[in-house]
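Asks: next comes the sequence, and after it the predicted model I'd like to discuss.
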Amino acid sequence: MQGWLDNLASLRKKEVLLMQQQQSGKRLREDDDRTAMLEKKVEDHDYELAKLKRARNAGTCTTRNEEDIAADFEKRTTYVQHGHLGLQELTPAQREAVLRCCKNLMRQKIPRGRDHSFYELIQTYKKRPADKLKEPDHMQPAVITLLKTIKDAVGSQHRVYDPHSRGLFPQPAQGRIDVTLMTGNNINSYTYVVAFAELKLSQSGLSAAFGQSVTRLQLLFEQQPDRSTAYFFAMTPYEARVVRVQRHGHQKDSWHFTADSLPPLSLSCTDSPALCTPTELAPAVLAIAQVFATSSEQLGWRPPTDTQQEQLNEGLLHNIQLLCWGTRMGIASRVFTAKLNKEDKGDEDVVVKQGCATREVEIMEFLNQHPSEHVPRLIQVLDKDSWVIKSGDQQLRSIVIKPLYEPLAADDGADVLAQVAADLACTIDWLCNQLMVIHRDVSPNNIGKYSVDGHDRGALYDFSVAKRVSNFPEKHSEGGAAKNLTGTPCFVALSLLSDVHNAQHTISSHLESVYLSLRHTIVPLPDVWVFEEHSSVDRWANTRRGYMMRPQPQLNALQNSSSLREQQLGFFLNKLHSLFWPSDEQGAYRYRTDVSVDDFVEVCQAVNPWLLLDSIPLQNPTEQVGPATAGAA
């Protein structure tokens, strides 16, 4: 380590001399090549030293970005000739149909794609600076249009789905895939993802897209634990790479990647910069078409079926679909959608949640006594042995609740998100101060919306770590390790991360989690927040503090956008950010832990002056809700 420091100090002296002489109008006598070599050497040493410092400060943990992840896994990638990935070959009729559709596509206008044909849109970054282009506005609509065109030409049963438009259910921090191929049903969850694509605008962005895909695969395999093979393709406007991933265990070290060709497949034909010639398809277009021609089972997807679903199909519940896998006390749990057969009213959409501790069941029963449209209602507790998980002395039961709320998405717009945020703030206040129930895990997976009388309203659900208390605020869980943290680390308030021994769950800490969840819905949080496996909560706190106590270029870019919708979203997020992280005239930031519901709702009203705040249930003044028994678990 000392050797690196000494070497860096020597290089720094030369760099300082270089800067001083350049500022005074002088030039070093070394030629330009040597100057460039010196600067590159300093940059390389800075990078290596930073990695060493990170490793020293975090033990075995280092901060990893998408390029680092890609570099690790590309070492384990086998490159094969096109046609050796186990994909279905196109029939002559399918090839001719894809060729014909691509010819037509070259002349079509793209929805949301400004005044460009598809070809001009794909190639537009050659004519404009990269910083003037936006993936959602330029590449996303073009690629989705291309994929849907190929899908229709091949006659594929897969659905092309844009998670940015409506969001996947659930929507974890690490789950913002650019484009997915889904099975034929209408359930938009990770359990039904067949394949996916990651997009990057820059010509050199293929490695970053590869690294990002690896992080998505981690969640995909978690949500499809029986799956051993998966496919994805990384794309830039010039090229693409189709990759097959095979795993032989549940650890990432067991993954093996097989990619089609080195260098990547071109999105242009040999004799033409177009997607196709009158007789030839671009190599990348052909490979993607083969993905669509391949069945879901050949691509590695397995339908989630088990005996429990079959048993329930014989009763009042039917049409059961697996939404997601989760973990409760180290035991795998699952969430299903289902239809509840009501003889007098027809079928009703419900949620079946497996693996609920006694405390969660008791809280749901208690909330039934104080009904609100902003929290789910318990319909039934399933007592069949097949739906009970035994964990030590506990029996984790299964519950049927309604309704099935819709996850939030950036396309909802600032007015809808402001209404949802205000509803969540008032609901949290009602739960904490009137019912003495603290949720303790506000995150994108646990907030959603529902529609009533043509208006979208906010909802808070999943009370798996909620708690009834005798006094509020309530002290946070003891311990400085991440495993002792109550809630989802990416969305836990900084006050709870900074001092886990003395911090309290407060209204402000819950509202901060609402802000972080809304922010992630519109502007995804950095992957380092999600995938850095910190050994202690202190590391999470330092990462959060460093990211938030500085200007927010992503939010400012939204607010300065030419799109009115994006301007409103940027304004909303900037206002919420300033609520928790205000800055003074000198630009110094401070952190607030006393944000009130009134403060929060005021920001929401600045965005949506027509907020509806009339359906939050209020207790009858003559009725007192008794506190939970002191010392409840």
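Replies: All right, it came through fine.

Asks: using the three-state scheme, assign residue 432.
Replies: Counting by DSSP: H, G, I helix; E, B strand; the rest coil, the backbone at residue 432 sits in helix.

Asks: can you give me the neighbour number for it?
Replies: A count of neighbours around residue 432, defined by other Cβ atoms under 10 Å, yields 21. C-beta here means a position set from N, CA and C on the backbone, and glycine is covered the same way.

Asks: same check on residue 346?
Replies: Residue 346 sits with 9 neighbouring residues when counted by other Cβ under 10 Å.

Asks: kindly report the same for residue 361.
Replies: When counting by other Cβ under 10 Å, one arrives at 17 neighbours for residue 361.

Asks: mind listing residues that contact the host helix or strand of it?
Replies: Under the criterion of DSSP states H and E, residue 361 resides in helix 358-368. Helix 358-368 is contacted by residues 375-378, 381, 394-395, 397, 399, 401, 435, 437, 463-464, 466-468, 632-633 when judged by Cβ atoms under 8 Å, 6 or more residues apart in numbering.

Asks: now these: which count as buried?
Replies: When neighbours are counted using 16 or more other Cβ atoms under 10 Å, these contain these buried positions: 375-376, 378, 397, 399, 401, 435, 437, 463-464, 466-468.

Asks: just give me the least confident of the residues you listed.
Replies: Per-residue confidence over the buried ones among the contacts of helix 358-368 reaches its minimum at residue 397, where pLDDT is 83.

Asks: and that one, that one's in a strand?
Replies: Yes - secondary structure assignment places residue 397 in a strand (three-state DSSP).

Asks: who does it bridge with?
Replies: For residue 397, the beta-bridge assignment (DSSP bridges) gives partners residue 356.

Asks: ok now do it, which residues does it touch?
Replies: When the contact criterion is Cβ under 8 Å, 6+ apart, the partners of residue 397 are 356, 358, 361, 381, 382, 383, 387, 388.

Asks: repeat the analysis, applying 6 Å as the threshold.
Replies: Each residue near residue 397 by Cβ atoms under 6 Å, 6 or more residues apart in numbering is listed here: 356, 381, 388.

Asks: my read: the second one touches residue 398, true?
Replies: No - Residue 381 lies out of contact with residue 398 (Cβ atoms under 6 Å); the separation is 7.5 Å.

Asks: picking that back up, among the contacts of helix 358-368, which are located in strands?
Replies: Where those overlap with strands, as defined by DSSP state E, the overlap consists of 377, 378, 381, 394, 395, 397, 399, 401, 437, 467, 468.

Asks: and the furthest pair within the residues you listed?
Replies: Greatest spatial distance in the ones in strands among the contacts of helix 358-368: 377 and 394, 24.3 Å, computed using Cβ to Cβ.

Asks: re the thing from before, tabulate the buried ones among the contacts of helix 358-368 (CSV), appending distance to residue 263.
Replies: As requested, the buried ones among the contacts of helix 358-368 are exported to CSV (distance: Cβ to Cβ, whole Å):
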residue, distance to residue 263
375, 54
376, 51
378, 57
397, 55
399, 53
401, 52
435, 61
437, 57
463, 52
464, 48
466, 53
467, 56
468, 60
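
Asks: next up, phi/psi of residue 276, please.
Replies: Taking degrees, to the nearest 10, you get phi -160, psi 160 for the backbone angles of residue 276.

Asks: what is the burial count for residue 338?
Replies: Burial of residue 338 is recorded as 23 neighbouring residues (other Cβ under 10 Å).

Asks: my bad, should have said residue 504
Replies: That count, for residue 504 with other Cβ under 10 Å as the rule, works out to 16.

Asks: find the residue closest to it in space, skipping its chain neighbours.
Replies: Nearest residue to residue 504 in three dimensions, chain neighbours excluded: residue 473, at 4.0 Å (Cβ to Cβ, 6 or more residues apart in numbering).

Asks: and that neighbour, how many neighbours?
Replies: 15.

Asks: which stretches in the stretch 251-400 of the chain count as helices?
Replies: All helices of the stretch 251-400 of the chain, identified by DSSP state H, counting those that start in this stretch, fall at 283-293, 307-313, 358-368.

Asks: okay, these in JSON lines with distance to residue 199 and mean pLDDT next?
Replies: Formatted as JSON lines, the helices of the stretch 251-400 of the chain follow (distance: least, Cβ to Cβ, whole Å; pLDDT from 0 to 100):
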{"stretch": "helix 283-293", "distance to residue 199": "13", "mean pLDDT": "91"}
{"stretch": "helix 307-313", "distance to residue 199": "35", "mean pLDDT": "52"}
{"stretch": "helix 358-368", "distance to residue 199": "39", "mean pLDDT": "92"}
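
Asks: can you tell me which of these is most buried?
Replies: Across these, the average number of neighbours (mean count of other Cβ atoms under 10 Å) peaks for helix 283-293, which reaches a mean of 24.

Asks: which elements pack onto it?
Replies: helix 140-154, strand 265-266 (3 or more Cβ pairs under 6 Å, 6 or more residues apart in numbering; DSSP states H and E).

Asks: 7 Å instead, please
Replies: On a contact count with 3 or more Cβ pairs under 7 Å, 6 or more residues apart in numbering; DSSP states H and E, helix 283-293 meets helix 92-105, helix 140-154, strand 229-235, strand 239-247, strand 265-266.

Asks: out of the ones you listed, which gets nearest to residue 410?
Replies: Set against residue 410 and scored by Cβ to Cβ, the helices and strands packed on helix 283-293 come closest in helix 140-154, at 11.8 Å.

Asks: partner residues bridging residue 452?
Replies: Residue 452 forms beta bridges with residue 455, as assigned by DSSP bridges.

Asks: from residue 159, how far off is it?
Replies: 29 Å (Cβ to Cβ, to the nearest Å).

Asks: tell me which of those two has more neighbours.
Replies: residue 159 (17 against 10).

Asks: identify the residue nearest the more buried one in space, chain neighbours excluded?
Replies: Among residues not flanking residue 159 along the chain, residue 182 sits closest, at 4.3 Å (Cβ to Cβ, 6+ apart).

Asks: can you find the helix or strand in this structure with the smallest mean pLDDT?
Replies: Lowest on mean pLDDT, DSSP states H and E among the helices and strands of the chain sits helix 32-57, with a mean of 41.

Asks: who's in contact with residue 379?
Replies: Residues in contact with residue 379 (Cβ atoms under 7 Å, 6 or more residues apart in numbering) are 340, 350, 400, 401, 402.

Asks: let's go with 8 Å and repeat that
Replies: Counting by Cβ under 8 Å, 6+ apart, residue 379 makes contact with 340, 350, 399, 400, 401, 402.

Asks: so for it, what's the pLDDT?
Replies: At residue 379 the predicted local confidence, pLDDT, stands at 91.

Asks: where's it relative to residue 145, distance?
Replies: Taking Cβ to Cβ as the measure, residue 379 and residue 145 are separated by 42 Å.

Asks: in stretch 541-550, what's buried?
Replies: 541, 543, 544, 545.

Asks: and which of these is nearest to residue 600?
Replies: The shortest distance between residue 600 and any of the buried residues of stretch 541-550, using Cβ to Cβ, involves residue 544 and amounts to 19.3 Å.

Asks: I figured residue 243 hits residue 213, correct?
Replies: Yes - judged on Cβ atoms under 8 Å, residue 243 makes contact with residue 213 at a distance of 7.3 Å.

Asks: for these two, list the residues in contact with both.
Replies: The contact lists of residue 243 and residue 213 share 232, 234, where a contact means Cβ under 8 Å, 6+ apart.

Asks: more neighbours: which of those two?
Replies: Neighbour count, other Cβ under 10 Å: between residue 243 and residue 213, residue 213 has more, with 27 against 21.

Asks: got a list of what that one touches?
Replies: Taking Cβ under 8 Å, 6+ apart as the contact definition, residue 213 lies against 196, 198, 232, 234, 243.

Asks: who wins for most neighbours among those residues?
Replies: So for the contacts of residue 213 (other Cβ under 10 Å), the most neighbours sit at residue 232, 28 neighbours.

Asks: you'd agree that residue is up against residue 194?
Replies: No - look at residue 232 against residue 194 with Cβ under 8 Å: they stay out of range, at 10.4 Å.
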